[in-house]
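> Test case, fold it:
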Amino acid sequence: MAGVLTRLPTRTGPVPWYARPATGGGVDPVVPPPSEAGPFPPGTTGAAAPQHGHPNRVRQSLRIAGDLGREVFAGAELGDTFSFASLLDPRLVVMTQHPDHVRSLFTADPEVAPSLAGESPVRPVVGLSVLTAVGQQHRRRRKLMMPSFHGEAIARYREEIRDATARHLDRWTTGRAFPLAATTQAITLDVIMSGVFGIDHRADPAEARLRHVVRRTLELSTSPVARFGELLNLDREESVGPQRWVVARLDLAMYDVIARRRAAHEPGARHDILSLLLDVRDEDGAPLTDRELRNELLTLVLAGHETTANTIAWTFERLLRTPAAHDRLRDVVRSGEDPDGYVEATITESMRARPVVPLIGRRVRVPWQLGDVVAPADSRVLIGILLLHHRADLYPDPFRFAPERFLGRRPGAHEWVPFGGGTRRCLGAALAMEELRIVVPEIARRADLVVDDPAPERPVSRNVTMIPARGGRVRATSLRA
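Numbering: from 1, shown residues only. Below is the predicted model of the structure:
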């Protein structure tokens, strides 16, 4: 792809994107100008996306790894679509933020525009699973997992969510600052462990060890060594370097759980996800291998709790820096009445302002039109969720945290996409929303929280996620039963 290098000397100005002040404008959206998008006739060419940043792939990748938000907001100054150099691909990577472009990619035939999840940096950790598989493999695995995340299954998880929330909030004390993400990770990890393994992890030593290893892995994942390990494992299917040691520890704990459960398994006797997978047989009547079980279970445990936990942490990071919104939420949940749906609006706004997964993508197998730009065949095309959620035409005054923008209004399917979309929409979206609807109001009901630093927390990257640098640090000034 050709393209003229455009340098941006201001690099989004002296104020970081996450600290930009609200302007106090309205919140009523307008419709963005339509933009044509979709497969382009074979053999044709069109304008290339303007290039942002440094032409050197290593330097550009390091800058993105160091401050993803700064880089993508700077690139967005070039228009709806731009490109950048990356270690992931010898050609320029294209990024877009227009809802029409998002629609074209979400509704495309997966054979024509397959997900980039198969090339994800999490692949060396979780292996081939429902998260990283593409095409027919993904459809098969998704169908296998779907019953565990809808309807009656969510109702079964509801009691565990409430119990885990109460159990961990009961440990809070007043006066001491702490990262809220530590509590929310403990809650959501308890929930997913219960759903996946169906045993109280506190009573089973093998699962308790696995839980400890998972928590320790997440604690280490933002260290400089871990960031180096991610770069070292780009485009690999098996881990090398420091990451290999971490994965080996996860494997030791996970395979121990699988072996114990295989030995004690009685077909049809239980309804947890591991029991369901142990009962599965392929077309030839063979059960899933230990490796296949490991990949799916590790994906569910890691991806099934960490994103939700950080969404809750981000929600209070935003609320506590927007006192009017925090006071209104607290008043609503303590009154026991929410006729306007303010809790739901607050959750929706939090996921707009701080999407935990800021980017997703497709590899277009044919030339793909994105407005006046055409991405060549076999290009990586990224959807900038963070950019889409901060479009001033969709969300006026986009840097203002304003739950009222969603009162009486549901966001468009291609305008609010924290769970992705199309056939790749997050399998655990229903469970995540159930956790948010229980945990967020319960924290607001039981605790009066303040922050020890009024400045917004800086987002940092952890693999494919964007988390608060200080874990959503809070202090409880008073607590309620």
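> Low-confidence stretches in this structure?
Residue ranges of the chain with pLDDT under 70: 1-13, 44, 199-203, 222, 226-229, 231-235.
> Sketch out the helices for the stretch 51-200 of the chain, chain order is fine.
57-66, 68-76, 99-106, 123-126, 135-145, 152-169, 180-197 (DSSP state H, counting those that start in this stretch).
> among those helices, which is the most enclosed?
Per residue and on average, the most neighbours among the helices of the stretch 51-200 of the chain fall to helix 180-197, with a mean of 24 (mean count of other C-beta atoms under 10 Å). The way it works is simple: take the backbone N, C-alpha and C, and place the C-beta from them, glycine included.
> What helices and strands are in contact with that one?
Packing contacts for helix 180-197, counted by 3 or more C-beta pairs under 8 Å, 6 or more residues apart in numbering; DSSP states H and E, involve helix 152-169, helix 205-220, helix 273-279, helix 290-319, helix 429-446.
> can you give me the angle the longest one makes with helix 429-446?
By that I understand helix 290-319. Angle between the axes of helix 290-319 and helix 429-446 is 40 degrees (criterion: axes from the mean of the first three to the mean of the last three C-alpha atoms, to 10 degrees).
> how about helix 290-319: buried residues?
In terms of neighbour count (16 or more other C-beta atoms under 10 Å), helix 290-319 has its buried residues at 292-319.
> what do you get for the second one?
For helix 205-220, burial by neighbour count (16+ other C-beta under 10 Å) applies to Ala206, Glu207, Arg209, Leu210, Arg211, Val213, Val214, Thr217, Leu218.
> What distance do you get for the last one to Gly69?
Read it as Leu218. 21 Å (C-beta to C-beta, to the nearest Å).
> Next: the second one.
Glu207 sits at a distance of 36 Å from Gly69 (criterion: C-beta to C-beta).
> And for Arg59?
For Arg59, the distance to Gly69 - C-beta to C-beta - is 18 Å.
> Just say helix, strand or coil for Ala476.
strand (DSSP: H, G, I helix; E, B strand; the rest coil).
> Can you give me every residue that contacts it?
Contact analysis of Ala476 by C-beta atoms under 8 Å, 6 or more residues apart in numbering lists Trp172, Thr173, Thr174, Gly175, Ala447, Asp448, Leu449.
> Equivalent analysis for Pro41, please.
Counting by C-beta under 8 Å, 6+ apart, Pro41 has contacts Pro367.
> right, and the helices of the stretch 51-200 of the chain - which one's nearest Tyr342?
Evaluated with C-beta to C-beta, these place helix 152-169 nearest to Tyr342, the distance being 19.4 Å.
> other SSEs contacting that closest one?
With contacts taken as 3+ C-beta pairs under 8 Å, 6+ apart, helix 152-169 sits against helix 180-197, helix 429-446.
> hmm, back to that, mind checking which of the helices of the stretch 51-200 of the chain is nearest Ser478?
Comparing the helices of the stretch 51-200 of the chain by C-beta to C-beta, helix 152-169 comes nearest, at 13.0 Å.
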